[in-house]
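Colleague: kindly return the folded structure for what I paste below:
(one chain, ligands or ions: 2)
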Amino acid sequence: MSSPELPPGLSVVVPVYNGASALPELVRRLQAALDATQRRYEVVLVDDGSTDDTWATMSALTGEHVFVRSLRLARNYGQHNALLAGIRSARHDVTVTIDADLQYPSDRIPQLIAKLDEGWDVVYATAGRRTEGVLRRLASWFARRLLRRAMGTAVTFSSFRAFRTQLRNGFATFGGRYVSIDVLLSWTTTRFTAVEVEQTARSEGRSSYSPRRLASLALTMLTAFTTLPLRLASLVGFAFTLFGFALLLFVLVRFAVSGSEVPGFAFLASIISIFAGAQLFALGIIGEYLARVHMRVLDPPTYSVREELP
Ligand code: UDP
Ligand code: MG
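Modeller: Ligands and ions are numbered 1, 2, ... in the order given. Below you'll find the predicted structure:
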């Protein structure tokens with residue numbers, strides 16, 4: 001992989017889901033940016049089960065440029081699964097990942113590489129000013145907070161990143177259905193940093209993440225990489241136990257002082273339903289984790305490659 005006299009080569013990995021229209025322009029921009037680095041490079045395009053003519057466009061680009069390679073996954077697995085497929089097939093010492101939709105300025109790649117040369121292992125190009133909708137920003141904010149907790153680092157994440165390819169040795173045997181590239185990277189290093197770049201609004205098409213998909217992604221992140229919800233369940237249980245004791249005390253004191261019992265049915269019914277609710281809530285959280293364990297036992301592949309070019 002490495003040769004002593006040359007500077008490390010670059011592998012740019014791009015996950016693509018229904019992004020055929022932007023691909024030729026992306027490859028053109030990447031070529032310009034990478035030529036400027038004066039290093040050896042390749043661009044690895046990963047078709048994540050697109051339903052438009054993404055694969056046809058990739059095949060054409062692969063035929064046109066020697067530096068382009070293409071992977072086609074068997075179906076839609078998700079952005080990080082597709083990234084993992086590309087990262088595992090990278091041939092150079094430095095891996096760069098970027099979105100396919102031209103939202104990130106690819107001419108900033110040299111800036112990321114410069115940071116790696118300073119000794120950092122992972123460099124994120126974060127957008128100073130976000131150009132997305134409120135819901136999307138809220139979801140990103142939530143996902144970032146969770147990620148930071150899961151990884152124990154305070155860096156700002158982005159899907160435009162550069163890292164040393166050798167970090168992948170730390171997750172060579174990873175095989176889960178749910179992947180976060182950033183969490184995987186944090187398994188082998190703590191040397192994360194970020195540089196700020198501008199992000200442009202989508203030139204065409206729309207985000208492949210619907211609000212529903214974002215919500216499910218946030219839940220996945222929450223349960224796949226942290227045990228926070230379990231702790232929440234214990235806390236809720238504890239709070240309700242305290243509440244129950246306070247209530248008992250209230251009933252006893254009232255009986256001792258005025259001799260009257262607390263009047264009945266409505267009170268009992270509401271208490272019972274609150275407790276039943278809290279119990280089911282906690283059970284649901286435990287069930288969510290059980291489902292994750294179940295998925296691990298089933299062991300569906302993280303991705304499956306259908307075709308590879310050249
Ligand atoms: N992507 C993917 N598989 C998916 C969804 C998205 O490979 O199931 C890719 C997509 O082609 C793009 C990147 O992930 O290169 C980010 O997706 P998008 O731009 O839609 O997300 P957003 O801009 O909302 O972060
Ligand atoms: Mg995007």
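Colleague: could I get the full set of strands for the stretch 101-250 of the chain?
Modeller: All strands of the stretch 101-250 of the chain, identified by DSSP state E, counting those that start in this stretch, fall at 122-127, 161-164, 192-197.
Colleague: pLDDT value on residue 138, please?
Modeller: Per-residue confidence (pLDDT) for residue 138: 80.
Colleague: ok, it to residue 156 distance?
Modeller: The gap separating residue 138 from residue 156 is 16 Å, by Cβ to Cβ, to the nearest Å. From N, CA and C alone the C-beta is placed, and that goes for glycine too.
Colleague: same question, residue 176
Modeller: For residue 176, the distance to residue 156 - Cβ to Cβ - is 25 Å.
Colleague: got the residues of this structure near ligand 1?
Modeller: 15-17, 19, 48, 76, 78-79, 82, 99-101, 103, 159, 207-209 (Cβ under 6 Å from any ligand atom).
Colleague: out of those residues, which are close to ligand 2?
Modeller: 99, 101, 103 (Cβ under 5 Å from the ion).
Colleague: contacting residues for the first one?
Modeller: Right, residue 99. Contacts for residue 99 (Cβ atoms under 8 Å, 6 or more residues apart in numbering) come out as 14-15, 159-160.
Colleague: what's the average pLDDT for the longest helix along the chain?
Modeller: Counting by DSSP state H, the longest helix found in the chain is helix 265-298. For helix 265-298, mean pLDDT is 84.
Colleague: ok so, going back, of all the strands of the stretch 101-250 of the chain, which lies closest to residue 59?
Modeller: Among the strands of the stretch 101-250 of the chain, strand 161-164 comes nearest to residue 59, with 26.9 Å by Cβ to Cβ.
Colleague: that closest one pairs with which strands?
Modeller: Sheet pairing of strand 161-164 (DSSP bridges) gives strand 94-97 (antiparallel), strand 122-127 (antiparallel).
Colleague: would you pull up how far the longest one lies from the middle of the chain?
Modeller: What it means is strand 122-127. Offset of strand 122-127 from its chain centre (Cα atoms, centre = their mean, to the nearest Å): 14 Å.
Colleague: same check on the first one?
Modeller: Taking Cα atoms, centre = their mean, one finds strand 94-97 lying 16 Å from the centre of the chain it belongs to.
Colleague: which element, helix or strand, includes residue 303?
Modeller: Assigned by DSSP states H and E, residue 303 falls within no helix or strand.
Colleague: which residue, other than its chain neighbours, is closest to the single nearest residue of the stretch 151-300 of the chain relative to ligand 2?
Modeller: Proximity of the stretch 151-300 of the chain to ligand 2 (Cβ to the ion) peaks at residue 207, 5.8 Å away. Excluding the flanking residues, the one nearest residue 207 by Cβ to Cβ, 6 or more residues apart in numbering is residue 136, at 6.7 Å.
Colleague: just checking, the one you found touches residue 214?
Modeller: Yes. When contacts are counted by Cβ atoms under 8 Å, residue 136 is listed as touching residue 214 (7.1 Å).
Colleague: okay, those two: which has more neighbours?
Modeller: residue 214 (18 against 15; other Cβ atoms under 10 Å).
Colleague: quick check: the more buried one touching residue 133?
Modeller: No. With contact defined as Cβ under 8 Å, residue 214 does not count as touching residue 133 (10.6 Å).
Colleague: can you list the residues of the protein near ligand 2?
Modeller: 99, 101, 103.
Colleague: what about the last one, how many neighbours?
Modeller: In this case it means residue 103. Neighbour tally, residue 103, other Cβ under 10 Å: 19.
Colleague: next: residue 236.
Modeller: Counted with other Cβ under 10 Å, residue 236 comes out at 16.
Colleague: excluding chain neighbours, what is closest to it?
Modeller: For residue 236, the spatially nearest residue (Cβ to Cβ, 6+ apart) is residue 278, at 5.7 Å.
Colleague: next one: residue 81
Modeller: Per Cβ to Cβ, 6+ apart, closest to residue 81 is residue 303, 4.5 Å.
Colleague: and the residue nearest the centre of the chain, what is it in contact with?
Modeller: For the chain, the residue sitting closest to the mean C-alpha position, by Cα atoms, centre = their mean, is residue 180 at 4.2 Å. Residue 180 is in contact with 80, 147, 150, 221, 224-225, counting by Cβ under 8 Å, 6+ apart.
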